[in-house]
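# How does the following fold in three dimensions:
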Amino acid sequence: MTLKVGLMVGREWSFPPAFIEEVNGRNEGVTAEYVKLGGTRMDEPNQFAVIVDRISHEVPYYRSYLKNAVLQGVRVVNNPFMWTADDKFFEASLATKLGVASPKTIVLPNKDYVPGIVHDESLRNLVYPLDWQGILDYIGLPCVLKDAHGGGWRDVYVCHTLTELWDAYNQSGLLTMVLQEFIEWDHYVRCMVLGQEYVLPMKYNPHEKKYHVSHDHLSPELGQRIVEDCLTLVRALGYDMNTVEFAVRDGVPYAIDFMNPAPDMDIYSLTPHYFDWVVQHMADMVIKMAKDPQPQVAELKWNRLFEQA
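Here you go, the predicted structure:
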């Protein structure tokens, strides 16, 4: 019997056809195709052994479908229950608990709220005004203000003064923001981490938002630590597809962003060299998952994921 892998995507054009062609060309008894949906019954059998999800964070119906798919025994990459529950403050706290270097981080009350929230009645648990000076005494300057649930460098502000921080915070609207210590890095690494097994540490320049192909940009010791830290983080979070970013300062890799469960896999971003690696290893991963099914229903008890903490 042929096993099926489903792919859910948005506005990306290079990875999806390359991935589907790679899986189908392996002749391993596993085929890949796009998932097609038009309403989902709660008891509907699912035809896929594995589904790769790269868009449900932007399409809520897809997330509901995928959580139901998990209950039907499908392996979903990435686990939609963990993805729904995750945020950058939790990740920073988890990294520290796991012994991975991470910048000091604070999660802040929202600037604005949905209609119906009456500030002096609905928000009685909040201290007002915030102790901004005390917050900065802990975090330091410069600092980074960013969306606790965001990605793709959206809603990220580097602030050098308290005034700049206020200005950025006042623009955050309904977003929940985290404030983080800014690491003055001398080297920056973005790692593609697949299957909680394969790690590709890539030299990256966040100012240019550009990868630089280099095969010797890390010492053996630093490279080993970064790989080990990547695997520690994704195994605790249960992510099979993620990028983990490190700002290296004085030889210490600080994990500053590892909530990227739909990482950029475009050939023009990754460069053809890294793109080929991603396509090959994504195909390896889903074929292995399809042939050796390990349903994720057992992972719904979160303590099993965080036991190593």
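
# List the buried residues in the longest helix along the chain.
Across the chain, the helix with the greatest residue count (assigned by DSSP state H) is helix 267-291. Neighbour-count burial for helix 267-291, counted by 16 or more other CB atoms under 10 Å, picks out 267, 269-270, 274-275, 277-279, 281-287, 289-290. Any C-beta I mention is one placed from the backbone N, CA and C, and that applies to glycine too.

# which residues sit against that helix?
3-5, 14-15, 18-19, 22-23, 26, 28-30, 32, 49-50, 52, 75, 77, 192, 194-195, 197-198, 200, 202, 211, 213, 240-241, 264-266 (CB atoms under 8 Å, 6 or more residues apart in numbering).

# how far is that helix from where the chain is centred?
With CA atoms, centre = their mean, to the nearest Å as the basis, helix 267-291 stands 17 Å off its chain's centre.

# Tell me which of the contacts of helix 267-291 fall in helices.
Of the positions in the contacts of helix 267-291, Phe15, Ala18, Phe19, Glu22, Val23 sit in helices, assigned by DSSP H.

# For these, pick the one with the most neighbours.
Val23 (25 neighbours; other CB atoms under 10 Å).

# what's the closest non-adjacent residue to the most centrally placed residue in the chain?
For the chain, the residue nearest the mean C-alpha position is Asn260 (2.0 Å; CA atoms, centre = their mean). What sits nearest to Asn260 in space, not counting adjacent residues and going by CB to CB, 6 or more residues apart in numbering, is Thr243, at 4.2 Å.

# Check Ala49 too.
Spatially, and ignoring its direct neighbours in sequence, Ala49 is nearest to Ala290 (4.2 Å; CB to CB, 6+ apart).

# Check His217 too.
Residue nearest to His217 in three dimensions, not counting chain neighbours: Lys203, with 4.4 Å by CB to CB, 6+ apart.

# so what pLDDT did the residue nearest to the centre of the chain get?
Among the per-residue scores, Asn260 holds a pLDDT of 91.

# tell me which strands and helices the host helix or strand of Ile135 is in contact with?
Per DSSP states H and E: Ile135 is located in helix 132-139. Counting contacts by 3 or more CB pairs under 8 Å, 6 or more residues apart in numbering; DSSP states H and E, helix 132-139 packs against strand 105-107, helix 162-169, strand 177-181.

# Return the most buried member of those.
Most buried of the helices and strands packed on helix 132-139, by mean neighbour count (mean count of other CB atoms under 10 Å): strand 177-181, with a mean of 24.

# Can you name every helix or strand that that one contacts?
By 3+ CB pairs under 8 Å, 6+ apart, strand 177-181 packs against helix 88-98, strand 105-107, helix 132-139, strand 143-147.

# Skip the chain neighbours and tell me the closest residue to Thr96.
Ser102 (5.4 Å).

# Can you tell me the closest non-neighbouring residue to Pro201?
The shortest distance from Pro201 to any non-neighbouring residue, by CB to CB, 6+ apart, is to Cys191 (4.8 Å).

# Now for that neighbour: which residues touch it?
Contact partners of Cys191, counting by CB under 8 Å, 6+ apart, are Val199, Leu200, Pro201, Met202, Ile226, Val227, Cys230, Thr243, Val244, Glu245, Phe246.

# Who wins on neighbours among the residues you listed?
Val244 leads the contacts of Cys191 on contacts (other CB under 10 Å) with 32 neighbours.

# What's the first helix or strand after the host helix or strand of that residue?
With elements taken from DSSP H and E, the one containing Val244 is strand 241-249. Of the helices and strands lying after strand 241-249 in sequence (DSSP H and E), the nearest is strand 252-257.

# Relative to that next one, what are the paired strands and their orientations?
Within its sheet, strand 252-257 is paired with strand 241-249 (antiparallel), according to DSSP bridges.

# distance of the closest residue to Lys4 other than its chain neighbours from Leu233?
Nearest non-adjacent residue to Lys4, counting by CB to CB, 6+ apart: Phe48, 5.0 Å away. According to CB to CB, to the nearest Å, Phe48 and Leu233 sit 27 Å apart.

# coming back round to it: in terms of contact, does the residue nearest to Lys4 touch Val5 like I think?
Yes: Phe48 sits in contact with Val5 when judged by CB atoms under 8 Å, with a separation of 6.5 Å.

# neighbour count winner among these two?
For Phe48 and Val5, the more surrounded residue by other CB under 10 Å is Val5, and the numbers stand at 27 against 20.

# Specify the beta-bridge partners of that one.
With DSSP bridges as the rule, Val5 is bridged to Ala32, Val50.
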